[in-house]
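sequence and predicted structure below; questions after.
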Amino acid sequence: MLSEQQKLLIKNAIAEAEKTTSGEIRVCIEKRCPSTPLDRASSCFHKFKMHKTALRNGVLIYVATQDRKFAIIGDVGINQLTGAFFWEETKLDMLHLFRDDKITQGIVKGIEKVGQQLQTLFPFQKNDINELSDEVILLD
(Lines give C-alpha, C1' and ligand atoms only; values in the text may rest on other atoms or scores of the structure.)
Protein backbone atom coordinates (compact mmCIF):
# COMPACT_ATOMS: atom_id res chain seq x y z
CA MET A 1 0.00 0.00 0.00
CA LEU A 2 2.63 2.52 1.08
CA SER A 3 6.38 2.32 1.02
CA GLU A 4 8.39 2.91 4.18
CA GLN A 5 9.44 6.28 2.76
CA GLN A 6 5.80 7.29 2.16
CA LYS A 7 4.82 6.26 5.69
CA LEU A 8 7.75 8.27 7.06
CA LEU A 9 6.71 11.36 5.04
CA ILE A 10 3.20 11.14 6.47
CA LYS A 11 4.43 10.51 10.01
CA ASN A 12 6.82 13.48 9.78
CA ALA A 13 4.03 15.70 8.43
CA ILE A 14 1.88 14.77 11.44
CA ALA A 15 4.73 15.46 13.87
CA GLU A 16 5.44 18.82 12.21
CA ALA A 17 1.77 19.85 12.27
CA GLU A 18 1.42 18.88 15.92
CA LYS A 19 4.40 21.01 16.99
CA THR A 20 2.18 24.09 17.00
CA THR A 21 -1.05 22.67 18.37
CA SER A 22 -2.46 20.62 21.20
CA GLY A 23 -4.62 18.86 18.59
CA GLU A 24 -4.01 15.31 17.44
CA ILE A 25 -3.91 14.06 13.86
CA ARG A 26 -3.95 10.45 12.72
CA VAL A 27 -3.98 8.84 9.30
CA CYS A 28 -5.66 5.49 8.69
CA ILE A 29 -5.19 3.67 5.38
CA GLU A 30 -6.59 0.46 3.96
CA LYS A 31 -7.11 -0.91 0.48
CA ARG A 32 -10.87 -1.35 0.54
CA CYS A 33 -13.57 0.54 2.39
CA PRO A 34 -16.15 -1.92 3.81
CA SER A 35 -18.83 0.79 4.20
CA THR A 36 -19.19 4.47 3.39
CA PRO A 37 -15.92 6.38 3.92
CA LEU A 38 -17.47 8.56 6.62
CA ASP A 39 -18.87 5.56 8.50
CA ARG A 40 -15.54 3.76 8.25
CA ALA A 41 -13.65 6.86 9.42
CA SER A 42 -16.03 7.15 12.38
CA SER A 43 -15.54 3.49 13.25
CA CYS A 44 -11.75 3.84 13.09
CA PHE A 45 -11.91 7.08 15.08
CA HIS A 46 -13.52 5.22 17.98
CA LYS A 47 -11.53 2.00 17.53
CA PHE A 48 -8.28 3.93 17.95
CA LYS A 49 -9.70 5.93 20.89
CA MET A 50 -9.32 9.30 19.23
CA HIS A 51 -12.34 10.53 21.18
CA LYS A 52 -10.32 10.17 24.40
CA THR A 53 -8.11 13.24 23.92
CA ALA A 54 -8.33 15.81 26.71
CA LEU A 55 -9.68 18.63 24.53
CA ARG A 56 -11.61 16.37 22.13
CA ASN A 57 -9.58 17.84 19.27
CA GLY A 58 -8.48 14.79 17.32
CA VAL A 59 -8.75 14.56 13.54
CA LEU A 60 -8.62 11.38 11.48
CA ILE A 61 -7.82 11.28 7.78
CA TYR A 62 -9.10 7.98 6.38
CA VAL A 63 -8.09 6.72 2.91
CA ALA A 64 -9.11 3.54 1.06
CA THR A 65 -6.52 3.33 -1.71
CA GLN A 66 -8.01 0.74 -4.07
CA ASP A 67 -11.56 2.02 -3.70
CA ARG A 68 -10.30 5.58 -4.15
CA LYS A 69 -12.39 6.86 -1.25
CA PHE A 70 -11.52 9.02 1.71
CA ALA A 71 -12.97 11.02 4.58
CA ILE A 72 -11.85 13.41 7.26
CA ILE A 73 -13.47 13.33 10.67
CA GLY A 74 -12.92 15.65 13.61
CA ASP A 75 -13.91 15.22 17.24
CA VAL A 76 -16.57 17.40 18.88
CA GLY A 77 -14.04 19.92 20.23
CA ILE A 78 -12.88 20.95 16.78
CA ASN A 79 -16.26 20.48 15.08
CA GLN A 80 -17.81 23.02 17.46
CA LEU A 81 -15.29 25.63 16.33
CA THR A 82 -14.93 24.99 12.61
CA GLY A 83 -17.61 24.73 9.99
CA ALA A 84 -18.30 22.11 7.36
CA PHE A 85 -16.76 24.44 4.77
CA PHE A 86 -13.30 23.85 6.23
CA TRP A 87 -13.60 20.08 5.92
CA GLU A 88 -14.94 20.29 2.36
CA GLU A 89 -12.19 22.72 1.31
CA THR A 90 -9.53 20.43 2.78
CA LYS A 91 -11.01 17.41 1.02
CA LEU A 92 -11.02 19.27 -2.31
CA ASP A 93 -7.36 20.21 -1.91
CA MET A 94 -6.54 16.58 -1.23
CA LEU A 95 -8.73 15.34 -4.07
CA HIS A 96 -6.85 17.42 -6.65
CA LEU A 97 -3.66 15.57 -5.72
CA PHE A 98 -5.37 12.18 -5.44
CA ARG A 99 -6.71 12.55 -8.99
CA ASP A 100 -3.11 12.87 -10.18
CA ASP A 101 -2.24 9.66 -8.29
CA LYS A 102 -0.32 11.67 -5.72
CA ILE A 103 -1.77 9.87 -2.70
CA THR A 104 1.02 10.65 -0.26
CA GLN A 105 1.15 14.31 -1.28
CA GLY A 106 -2.63 14.55 -0.94
CA ILE A 107 -2.52 13.12 2.57
CA VAL A 108 0.34 15.44 3.53
CA LYS A 109 -1.62 18.41 2.14
CA GLY A 110 -4.59 17.42 4.29
CA ILE A 111 -2.38 17.10 7.36
CA GLU A 112 -0.89 20.54 6.74
CA LYS A 113 -4.30 22.19 6.36
CA VAL A 114 -5.70 20.43 9.43
CA GLY A 115 -2.58 21.36 11.38
CA GLN A 116 -3.00 25.03 10.49
CA GLN A 117 -6.63 24.97 11.60
CA LEU A 118 -5.76 23.17 14.83
CA GLN A 119 -2.96 25.67 15.51
CA THR A 120 -5.48 28.51 15.29
CA LEU A 121 -8.15 26.81 17.40
CA PHE A 122 -5.99 24.79 19.79
CA PRO A 123 -2.54 26.41 20.09
CA PHE A 124 0.30 24.42 21.62
CA GLN A 125 0.32 24.52 25.43
CA LYS A 126 3.43 24.35 27.62
CA ASN A 127 2.28 21.14 29.28
CA ASP A 128 1.04 19.53 26.04
CA ILE A 129 1.79 15.87 25.48
CA ASN A 130 1.40 13.84 22.32
CA GLU A 131 -1.69 11.87 23.27
CA LEU A 132 -1.84 9.72 20.13
CA SER A 133 0.85 8.05 18.05
CA ASP A 134 1.92 9.76 14.83
CA GLU A 135 2.39 6.38 13.12
CA VAL A 136 0.26 5.70 10.04
CA ILE A 137 -2.41 3.10 10.78
CA LEU A 138 -2.46 0.40 8.08
CA LEU A 139 -5.49 -1.85 8.30
CA ASP A 140 -4.63 -4.38 5.57
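It's in.

helices and strands of the chain: which one bottoms out on pLDDT?
helix 76-79 (a mean of 92; mean pLDDT, DSSP states H and E).

ok now the helix or strand following that one, how far from the chain's centre?
Once helix 76-79 ends, the next helix or strand along the chain (criterion: DSSP states H and E) is helix 84-99. Mean C-alpha position of helix 84-99 versus that of the full chain (Cα atoms, centre = their mean, to the nearest Å) differs by 12 Å.

cool, and stretch 116-125?
Per Cα atoms, centre = their mean, the centroid offset for stretch 116-125 relative to its chain is 15 Å.

so for it, what's the average pLDDT?
Mean pLDDT, computed over stretch 116-125, is 94.

also stretch 5-19?
97.

return the set of buried residues in that stretch.
Gln6, Lys7, Leu9, Ile10, Lys11, Ala13, Ile14, Ala17, Glu18 (16 or more other Cβ atoms under 10 Å). Placement of C-beta: from N, CA and C, glycine included.
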